[in-house]
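Engineer: show me the folded form of this:
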Amino acid sequence: MTEATTLQQHLEKAYMLFGKAQKLTADSAARRILHEINELISAMEEFQLYGLDYDEAEVGTKLCYYEKQLQLIEEKFQVLFNEESS
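Structural biologist: Below you'll find the predicted structure:
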């Protein structure tokens, strides 16, 4: 897989996570993640625009971390919602 293809896939995943984080902004951790993903997207778009090299492993690791954190936040909201519904 070429670096450009990997970068595009990372960008797509980052946009997906950004959308997920936007839905969870009632949580302060989600707002922090939203800000960090936004910065990461800006950097990746710059890499893509200027054809710069970037650390694929680091970006992939960050995206996985953000995905797991957002999943935990979603689960927390589901638990809270279920408790309120009971």
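Engineer: from here on, just use CA atoms for contacts and neighbour counts.
Structural biologist: Will do.
Engineer: for the host helix or strand of Leu70, give the mean pLDDT please.
Structural biologist: Using DSSP states H and E, Leu70 maps to helix 56-85. Throughout helix 56-85, pLDDT has a mean value of 92.
Engineer: list the helices and strands that helix packs on?
Structural biologist: helix 3-23, helix 28-50 (3 or more Cα pairs under 8 Å, 6 or more residues apart in numbering; DSSP states H and E).
Engineer: among those helices, which is nearest Thr61?
Structural biologist: In terms of Cα to Cα, the element of the helices and strands packed on helix 56-85 nearest to Thr61 is helix 3-23, at 10.4 Å.
Engineer: mean confidence for that closest one?
Structural biologist: Averaged across helix 3-23, pLDDT comes to 93.
Engineer: give me the three-state assignment for Asp53.
Structural biologist: Counting by DSSP: H, G, I helix; E, B strand; the rest coil, the backbone at Asp53 sits in coil.
Engineer: wait, it sits on Phe47?
Structural biologist: Yes: with contact defined as Cα atoms under 8 Å, Asp53 counts as touching Phe47 (6.6 Å).
Engineer: and these two? Which one has more around it.
Structural biologist: Phe47 (15 against 12; other Cα atoms under 10 Å).
Engineer: count of neighbours near Ser85?
Structural biologist: Count around Ser85 with other Cα under 10 Å applied: 7.
Engineer: against Gln78, how distant is it?
Structural biologist: Using Cα to Cα, to the nearest Å, Ser85 is found at 10 Å from Gln78.
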